[in-house]
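*Asks:* A predicted structure for the sequence below; I have some questions about it.
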Amino acid sequence: MAALTERVDRLELALASFVEHTERMVAAIHEDVAEIRASNARTDRKLLEMQQQAEKDRQQAEKSRQQDREQTEKDRKDFNKRLAEIADAHGRLIEDMVWPNGSRIATELFEGDVIVTSAIRVKRKHPADAGQMMEIDLFVAGSRHLFVCEAKSKVTPEKVADYLERVARIPEFFPEFAELKILPALASVHIDESMVKHLNRCRVYAVAFGDETMELLNKGAF
């Protein structure tokens, strides 16, 4: 009987030890699970913070790119505006250089014709269509001839073609000159020799700055 009691006691002790060990294991597992959950929560928060920061960085980068694009566009417009102002000032400078020499150059071409009138920067609306406007930088009219000159910062074949199209319409805008022989000219500070040859083929006079003043470059070439 004593032996049985002893065995029962040992079993109870073993069971108690097992239960205690199991409880410790379960508690440890609970602690591990809690730590894992806490770690996951910290990781989730960190990932969320990183995502939020990445989104802020993306938005800031996009804002910076947009500002750069806007500044680039503004700089481009300012540059083009400045170029246009320079080109306009250059054109007016050439006009101002041609104007004092207009009558003298026209006289060289008029073959004894007497100058009747001359003007600079003349604008005229079309008699039949007020919506159309023509501007002539310089014209000198005689009784038989009309010398018309346009100033260009640079003379190109395209500008020559455009100019001749407008010259052909001068009688429409200035019917009082319709019976006169038109002598078209293009003026610039410098006109290349190859361009002068092109003007000769187009029967357009070339006017450029010579040694002292503006002069004809191709008188008698056609």
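*Replies:* Yes, it's here.

*Asks:* at which residues are the strands of this protein located?
*Replies:* With DSSP state E applied, the chain shows strands at 115-126, 129-142, 145-151, 181-188, 205-209, 214-216, listed in chain order.

*Asks:* out of those, which gets nearest to residue 24?
*Replies:* strand 129-142 (100.1 Å; C-beta to C-beta). For every residue, glycine as well, the C-beta is placed using N, CA and C.

*Asks:* name the helices or strands packed onto that closest one?
*Replies:* Packing contacts for strand 129-142, counted by 3 or more C-beta pairs under 8 Å, 6 or more residues apart in numbering; DSSP states H and E, involve helix 2-98, helix 102-109, strand 115-126, strand 145-151, helix 170-173.

*Asks:* what pairs with it, and is each one parallel or antiparallel?
*Replies:* Here strand 129-142 has these sheet partners by DSSP bridges: strand 115-126 (antiparallel), strand 145-151 (antiparallel).

*Asks:* single out the most deeply packed of the strands of the chain.
*Replies:* strand 145-151 (a mean of 25; mean count of other C-beta atoms under 10 Å).

*Asks:* ok so, going back, want to throw the strands paired with strand 129-142 into JSON lines with distance to residue 30 and mean pLDDT?
*Replies:* Converted to JSON lines, the strands paired with strand 129-142 look like this (distance: least, C-beta to C-beta, whole Å; pLDDT from 0 to 100):
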{"stretch": "strand 115-126", "distance to residue 30": "95", "mean pLDDT": "91"}
{"stretch": "strand 145-151", "distance to residue 30": "94", "mean pLDDT": "95"}
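
*Asks:* dump these to JSON lines, plus distance to residue 42.
*Replies:* Below are these laid out as JSON lines (distance: least, C-beta to C-beta, whole Å):
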{"stretch": "strand 115-126", "distance to residue 42": "79"}
{"stretch": "strand 145-151", "distance to residue 42": "77"}
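
*Asks:* compare the ones you listed and give me the one nearest residue 34.
*Replies:* strand 145-151 (88.8 Å).

*Asks:* what comes into contact with that closest one?
*Replies:* Contacts with strand 145-151, where a contact means C-beta atoms under 8 Å, 6 or more residues apart in numbering, come from 91-92, 94-95, 98, 102, 105-106, 109-111, 113, 136-141, 163, 167, 170, 177, 180-188, 205, 207.

*Asks:* hmm, back to that, mind putting the strands of the chain into JSON lines with distance to residue 69?
*Replies:* Converted to JSON lines, these look like this (distance: least, C-beta to C-beta, whole Å):
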{"stretch": "strand 115-126", "distance to residue 69": "39"}
{"stretch": "strand 129-142", "distance to residue 69": "37"}
{"stretch": "strand 145-151", "distance to residue 69": "37"}
{"stretch": "strand 181-188", "distance to residue 69": "37"}
{"stretch": "strand 205-209", "distance to residue 69": "43"}
{"stretch": "strand 214-216", "distance to residue 69": "45"}
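
*Asks:* looking at those strands, which is closest to residue 23?
*Replies:* The nearest among the strands of the chain, by C-beta to C-beta, is strand 129-142 at 100.7 Å.

*Asks:* ok now the closest one, how far from the chain's centre?
*Replies:* Taking the mean of its C-alpha atoms, strand 129-142 sits 31 Å from the chain's own mean (C-alpha atoms, centre = their mean, to the nearest Å).
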